[in-house]
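[1] Quick one, fold the following:
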Amino acid sequence: MTSSDTSAGNGAATPPGWDEPRRTDALERLHARVVKSADDAAGYYARGAASKRRWARWLRLAAIVLAAIGSVFPVLTGLIGGRDAIDATWASILLAGAATAVGLDRFFGFSSAWMRFITAKMQLEHLREQFDIDWQASVAAWEGRPPTKEQTLGSLAVLKKFLLEAHRIVRDETELWIREFQDSLQQVDVAAQAGGRSARGPATQPSHDAAPLTPSASPAARARQAADAATAPHEPAPA
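    Numbering: from 1, shown residues only. Below you'll find the predicted structure:
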């Protein structure tokens, strides 16, 4: 064990690099590391916000254009003599495309992620400005000399506060994304179940009223209809 590994006063172990001659260098290296971590997070949110903004704008623009065209399409084709069946089909396709664009935006969270990323980026930038002032105030207290033990602890406290606050911002944004994604999955499940019910159609009760025989009916159904028709009361023929 070297002399730099023990304090001169009581022989207690001291972390390497934190003895008095090297405290300034150790604090500066730690400061650079902490700042880089926060800057990397802010850069990630800045790049992500630009990408999410492009997707959100294109999908929302597509939804607006498709919905507008689908709404006026029957009117326009009616003015130029279009066929109603074709009009209704194309209008439904256009409106379905608009709903799909909105659904994709909600499922992948482009619009909400854009807002989350912008908010996190602004919070990190504001935190960095506050930290710069606090750090300069801490360094100014050194008065150009290596920091004392108390000053070193004070500077470490400034670094720790900044790092924990930056991690809190990232954690809050991540937790918000998880909640939004779970909500999106739940909405997709509900929509899928509703679509399945609509495709199956409502359950119908058998009718006891007489119905005309149809060629497409099964033999059992035609027999049942014939029996109902035979047992139904007949009105007297007009004289």
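
[2] Next one: the nearest residue to Ala99 once chain neighbours are set aside from Met115, what distance?
    Distance criterion Cβ to Cβ, 6 or more residues apart in numbering; nearest residue to Ala99, sequence neighbours excluded, is Ala63 at 7.7 Å. (Glycine included, C-beta is placed from N, CA and C.) Distance from Ala63 to Met115, counting by Cβ to Cβ, to the nearest Å: 17 Å.

[3] the more surrounded of the two?
    Regarding Ala63 and Met115, a neighbour count based on other Cβ atoms under 10 Å identifies Ala63 as having more, with 20 against 15.

[4] Three-state assignment for that one, please.
    For Ala63, the assignment made with DSSP: H, G, I helix; E, B strand; the rest coil gives helix.

[5] Next, the contact list for it, please.
    98-99, 101-102, 105 (Cβ atoms under 8 Å, 6 or more residues apart in numbering).

[6] Return the members of those classed as buried.
    With burial judged by 16 or more other Cβ atoms under 10 Å, the buried subset of the contacts of Ala63 is 98, 101-102, 105.

[7] Would you mind listing where the chain has pLDDT under the threshold?
    1-17, 76-87, 188, 191-192, 195-239 (pLDDT under 70).

[8] where along it do the helices fall?
    Using DSSP state H, the helices of the chain run over 23-79, 84-108, 110-140, 149-200, 219-231.

[9] for the third one, packing partners?
    Just to be clear, that refers to helix 110-140. Applying 3 or more Cβ pairs under 8 Å, 6 or more residues apart in numbering; DSSP states H and E, one finds that helix 110-140 contacts helix 23-79, helix 149-200.

[10] picking that back up, could you dump the buried ones among the contacts of Ala63 to JSON lines with distance to Arg47?
    Output for the buried ones among the contacts of Ala63, formatted as JSON lines (distance: Cβ to Cβ, whole Å):
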{"residue": "Ala98", "distance to Arg47": "29"}
{"residue": "Ala101", "distance to Arg47": "24"}
{"residue": "Val102", "distance to Arg47": "25"}
{"residue": "Asp105", "distance to Arg47": "20"}
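
[11] Val158: what's it in contact with?
    131, 134-135, 138.

[12] on that earlier part again, the helices and strands packed on helix 110-140: which one's closest to Lys121?
    Lys121 lies closest to helix 23-79 among the helices and strands packed on helix 110-140, at 4.0 Å (Cβ to Cβ).

[13] between that closest one and helix 149-200, how big is the angle?
    In terms of direction (axes from the mean of the first three to the mean of the last three Cα atoms, to 10 degrees), helix 23-79 departs from helix 149-200 by 20 degrees.

[14] nearest to Leu30, of the contacts of Val158?
    Distance to Leu30, by Cβ to Cβ, is smallest for Trp135 among those, at 11.1 Å.

[15] State the distance from that closest one to Ala194.
    Look at Trp135 and Ala194: by Cβ to Cβ, they are 56 Å apart.

[16] Those two: which is more packed in?
    Taking neighbours as other Cβ under 10 Å, Trp135 and Ala194 compare with Trp135 leading, 18 against 10.

[17] Spatially, which residue comes closest to the more buried one, not counting chain neighbours?
    Once flanking residues are discounted, Trp135 sits nearest to Val158: 5.8 Å by Cβ to Cβ, 6+ apart.

[18] Look up how far Leu30 lies from the one you found.
    11 Å.

[19] Likewise for Ala91?
    64 Å.

[20] now Gln151
    The spacing between Gln151 and Leu30, counted by Cβ to Cβ, is 14 Å.

[21] Using JSON lines, lay out the contacts of Val158 together with distance to Pro74.
    Conversion of the contacts of Val158 to JSON lines gives the following (distance: Cβ to Cβ, whole Å):
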{"residue": "Phe131", "distance to Pro74": "60"}
{"residue": "Asp134", "distance to Pro74": "64"}
{"residue": "Trp135", "distance to Pro74": "65"}
{"residue": "Ser138", "distance to Pro74": "70"}
